[in-house]
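Asks: Sequence and predicted structure are below.
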Amino acid sequence: MSNIEADPAELACGDRPDAADPERPAVEVLTPREVPLGGPRAMRVRRTLPQRSRSLIGAWCFADHYGPEDVAMDVAPHPHTGLQTVSWLFAGEVEHRDSMGTHAIVRPGELNLMTGGHGICHSEVSTAATKTLHGVQLWVALPERHRHTARDFQHYVPSVNRIEGAEIRVFLGSLAGRTSPIPTFTPLLGAELVLNPDAHMSLGVDPGFEHGVLVDSGEVTVAGTAVRAAELGYVGTGLRSLTLSNRGATPARFLLLGGTPFDEEILMWWNFVGRTHEEIAAFREAWQAESDQFGSVTGYTGTPRRLPAPELPAVRIKPRHNPGR
């Protein structure tokens, strides 16, 4: 999915919080901000990453939660660089086409991972049968040594791991005895969990990872702290287990994201991840000039035939860092 804000900010994001800082709570609750995307979708999303108090969780650098909505999606071909997009749906279907020639249907409970690297473009259109769209769009920043990697697209359907009081689908990394076969450029975890009412569990996690619990529905207690729907609960490194509870009367659904702290500074603007303002400007210029850097999408029949890039900010944006860096 594209970030089609009318006036996207340029964001300089660094990692890395001091997990041992006694002034920081064990769980930091990040409140989403509503972002009107405008454009052909006219959707509003709830964005928890990036924001001023936290830019990344591992290499996860962007998280939009949307729906359930009866608004159709029709996003014309648009570019990406320096990142991977993770599309994860709870309801509805989206037709994906990209400049590799991929034609895929994104369905609930199925991972679609697209690697932008040096440059890719893609379109997204909800299917005619879709009446409600509901899901999460995530981006993963590529590290310096891999950020110009070749385009790629991976599809994976994780099996459901049913344990007492919960269902787990691991789409990236390893959790609760299940491992995704999809390779990543930095150590990552991505999983959907559904906790039954009154369920309580303790999950073994990698102590070298920081984690985020992005709640879709219900309310989840994370290490003793309540995290409500659309909020993201952040937990720093050093934990070998993570306690999760659902004290509500209905099932609670959430994503568990994790990764080793990302030790590079990145610059994000529109749909690009780069390292400098000049590089972002060059990406924009290449897209506007219809450069071969991004290729082209065949089979998209909507209008416009490709999304134009917004104007760059008039001033350079100062770097922003996570707390403690």
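Replies: Everything's here; your move.
Asks: ok, residue 244 to residue 89 distance?
Replies: Distance, residue 244 to residue 89, using Cβ to Cβ, to the nearest Å: 22 Å. Just so you know, the C-beta spots here come from the backbone N, C-alpha and C atoms, and that holds for glycine as well.
Asks: For residue 96, see how far away the residue positioned nearest the centre of the chain is.
Replies: Nearest to the mean C-alpha position of the chain, counting by Cα atoms, centre = their mean, stands residue 138 at 1.1 Å. Residue 138 sits 15 Å away from residue 96, going by Cβ to Cβ.
Asks: Neighbours of residue 148, how many?
Replies: 12 (other Cβ atoms under 10 Å).
Asks: Report the separation between the residue nearest to residue 140 when sequence neighbours are not counted and residue 138.
Replies: Using Cβ to Cβ, 6 or more residues apart in numbering and skipping the chain neighbours, the partner closest in space to residue 140 is residue 84 (4.3 Å). Distance, residue 84 to residue 138, by Cβ to Cβ: 9 Å.
Asks: and if you look at residue 155?
Replies: On the measure of Cβ to Cβ, residue 155 and residue 138 end up 16 Å apart.
Asks: Then residue 47?
Replies: From residue 47 over to residue 138 (counting by Cβ to Cβ), the distance is 11 Å.
Asks: okay, and the common contacts of these two?
Replies: By Cβ atoms under 8 Å, 6 or more residues apart in numbering, residue 47 and residue 138 have these common neighbours: 62-64.
Asks: Next, format the residues you listed as JSON lines and append pLDDT and secondary structure.
Replies: JSON lines is the format used below for the shared contacts of residue 47 and residue 138 (pLDDT from 0 to 100; DSSP: H, G, I helix; E, B strand; the rest coil):
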{"residue": "62", "pLDDT": "98", "secondary structure": "strand"}
{"residue": "63", "pLDDT": "98", "secondary structure": "strand"}
{"residue": "64", "pLDDT": "98", "secondary structure": "strand"}
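Asks: Nearest to residue 291 among those?
Replies: residue 62 (23.5 Å; Cβ to Cβ).
Asks: who are the neighbours in contact with that closest one?
Replies: 3, 47, 49-50, 83, 137-139, 268.
Asks: For residue 189, state which of the residues you listed is nearest.
Replies: For the contacts of residue 62, the closest approach to residue 189 (Cβ to Cβ) belongs to residue 138, at 12.0 Å.
Asks: wait, isn't the closest one in contact with residue 259?
Replies: No: using Cβ atoms under 8 Å, residue 138 is not in contact with residue 259, being 11.5 Å away.
Asks: Worst mean pLDDT across the helices and strands of this protein, which element?
Replies: Every helix and strand in the chain was compared by mean pLDDT, DSSP states H and E; the lowest is strand 11-13, with a mean of 59.
Asks: what element comes up after that strand heading to the C-terminus?
Replies: strand 28-30 (DSSP states H and E).
Asks: I'd like to know which elements that following strand is packed against.
Replies: Under the contact definition 3 or more Cβ pairs under 8 Å, 6 or more residues apart in numbering; DSSP states H and E, strand 28-30 sits against strand 232-235.
Asks: Run the chain-centre distance for the strand it packs on.
Replies: 14 Å (Cα atoms, centre = their mean, to the nearest Å).
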